[in-house]
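*Asks:* Structure for this input, please:
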Amino acid sequence: MPTDVPAPIFMRKATLEDLDEVYAVIEDAKKLLKADGSSQWQQGYPSKLSMQQDIESNNCYVLIYGDEIVGTGTLMPFGDTHYAYIVDGKWNHAGHPFGTINRIAISSKYRGKRFANYIMSTLISIAYAKGVRDIRISTHEKNARVHQLVQTFGFIQRGKVYTGPTDDDLRNAYELNLDNVDASETTGDNAE
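*Replies:* Residues are numbered from 1 along each chain as shown. The predicted model follows:
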């Protein structure tokens with residue numbers, strides 16, 4: 001086999017056997033956020049237990065590059081209670097069912113390769129295939145990478161949500177509405 005063949009890149013659901021590698025990626029992301037001056041993920045969350053719960057609930061996905069886990073992301077197709085109350089704005093479809101994308105992280109060895117785009121695109125596609133038409137995500141005001149990522153994918157900032165009980169848990173909240181997307185346009189079924 002030629003050595004210049006690119007490594008395969010794909011996503012799959014995480015398994016409990018992946019937990020240590022998934023959590024190592026999360027720990028890398030915590031260090032990056034701290035270096036950026038962000039308090040996000042600096043108080044013990046997400047914990048290894050929370051990642052285990054994501055895996056056990058079949059909501060955690062891993063990005064594979066070659067034979068290595070290089071990233072992770074969580075899709076909650078039935079929403080997250082933190083998004084029920086929004087401040088300084090309003091949801092476009094308040095009261096409608098929604099899914100959330102959480103805990104996107106890339107291994108420090110693979111930063112700068114735009115692997116987060118693979119994660120975001122795949123999780124949006126999985127949500128759409130499950131019938132989710134409204135997707136929400138939130139991030140700390142100092143997390144410029146996620147702000148840029150979600151805007152690249154068409155998310156619109158709608159306000160702020162609290163992800164915990166303190167003022168430091170206030171996050172910028174984004175929403176992506178896919179209700180006007182025709183499935184035939186996304187699958188190419190209308191090609192002549």
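*Asks:* CA only for contacts and neighbour counts going forward, please
*Replies:* OK.
*Asks:* Tell me where the chain has strands.
*Replies:* 9-13, 60-65, 68-76, 99-106, 134-139, 156-162, 170-177 (DSSP state E).
*Asks:* Quick check: which ranges of the protein have low pLDDT?
*Replies:* Within the chain, the ranges that satisfy pLDDT under 70 run 1-4, 39, 181-192.
*Asks:* that older thread, need the strands of the chain in CSV with mean neighbour count and distance to residue 48, can you?
*Replies:* Formatted as CSV, these follow (neighbours: other C-alpha atoms under 10 Å; distance: least, C-alpha to C-alpha, whole Å):
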stretch, mean neighbour count, distance to residue 48
strand 9-13, 15, 17
strand 60-65, 23, 13
strand 68-76, 23, 13
strand 99-106, 23, 12
strand 134-139, 25, 20
strand 156-162, 20, 22
strand 170-177, 22, 22
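*Asks:* Let me know which of the ones you listed is the nearest to residue 27.
*Replies:* strand 99-106 (9.1 Å; C-alpha to C-alpha).
*Asks:* what angle sits between that closest one and strand 60-65?
*Replies:* 40 degrees (axes from the mean of the first three to the mean of the last three C-alpha atoms, to 10 degrees).
*Asks:* follow-up on the earlier one: relative to residue 28, which of the strands of the chain is closest?
*Replies:* strand 99-106 (7.7 Å).
*Asks:* can you put the strands of the chain in JSON lines and add distance to residue 115?
*Replies:* Shown next, in JSON lines, are those (distance: least, C-alpha to C-alpha, whole Å):
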{"stretch": "strand 9-13", "distance to residue 115": "9"}
{"stretch": "strand 60-65", "distance to residue 115": "8"}
{"stretch": "strand 68-76", "distance to residue 115": "8"}
{"stretch": "strand 99-106", "distance to residue 115": "7"}
{"stretch": "strand 134-139", "distance to residue 115": "18"}
{"stretch": "strand 156-162", "distance to residue 115": "21"}
{"stretch": "strand 170-177", "distance to residue 115": "20"}
